[in-house]
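Trainee: What shape does this take:
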Amino acid sequence: MRKFNFLLVVLLVAVLSAAALAQSKGIPVDVPGTGVLFFTYRYEGNVPPYDAVNTIWTNLNTVFTAWVDAGQDPSALTGKDVQIKTDAAGNVSLYVKDQFIVEVDAYHAAANKATKAQLAEKWAANLRRGVEAFVKINEPIN
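Mentor: You can find the predicted model right below:
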């Protein structure tokens, strides 16, 4: 009986270890210059998707650069400018001031045990906090 229990424990540890190794990896995607984590870009395999993360940062920087170029009016960029849009095909994406930022895909939704719409709400809340922090940090000193 002890041998059976021991083998059962060994089998359980092996299964749990395999499950842990199969988990996805992630790259934290913050709102530039704020330290606010927007979301974690999850991936599997050995090649981190740095190009995809850099595209998200480029999209965010497009919004922030336009705000700076327009004079950095704190009322001209707020968390209220973060929008969730769903197209006819059911694709759910986040926008800031009509600038596409990122699409919420089924992979990330499944990894977070949520629907794309539910995950978009979470990411949008994080992005709103990040936009507010960016404006607060970068508003002009009078």
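
Trainee: Report the contact partners of Val63.
Mentor: Leu77, Val96, Lys97, Gln99, Ile101 (CB atoms under 8 Å, 6 or more residues apart in numbering). Placement of C-beta: from N, CA and C, glycine included.

Trainee: closest to Asn112 among these?
Mentor: Ile101 (17.5 Å; CB to CB).

Trainee: surely Val82 meets Glu121?
Mentor: No. The pair Val82 / Glu121 is not scored as a contact, 10.7 Å apart, by CB atoms under 8 Å.

Trainee: higher neighbour count, the two?
Mentor: In this comparison of Val82 against Glu121, neighbours counted by other CB atoms under 10 Å, the higher total goes to Val82 at 22 against 15.

Trainee: Who does the more buried one form a beta bridge with?
Mentor: Val96 (DSSP bridges).

Trainee: ok, now which ones touch it?
Mentor: By CB under 8 Å, 6+ apart, the contact list for Val82 reads Leu94, Tyr95, Val96, Ala124, Leu127, Arg128, Val131.

Trainee: Report all helices and strands that the host helix or strand of the fourth one contacts.
Mentor: Secondary-structure assignment from DSSP states H and E places Ala124 in helix 116-138. The criterion is 3 or more CB pairs under 8 Å, 6 or more residues apart in numbering; DSSP states H and E, and the helices and strands that helix 116-138 contacts are strand 25-31, strand 36-43, helix 50-69, strand 82-86, strand 92-96, strand 99-104, helix 106-111.

Trainee: Mind checking which of the contacts of Val63 are buried?
Mentor: Among the contacts of Val63, those classed as buried by neighbour count (16 or more other CB atoms under 10 Å) are Leu77, Val96, Gln99, Ile101.

Trainee: Test my guess that the last one contacts Ile56.
Mentor: Yes. Counting by CB under 8 Å, Ile101 does reach Ile56; the two are 6.4 Å apart.

Trainee: Nearest residue to Phe134 in space, please, no chain neighbours.
Mentor: Excluding the flanking residues, the one nearest Phe134 by CB to CB, 6 or more residues apart in numbering is Thr34, at 5.2 Å.
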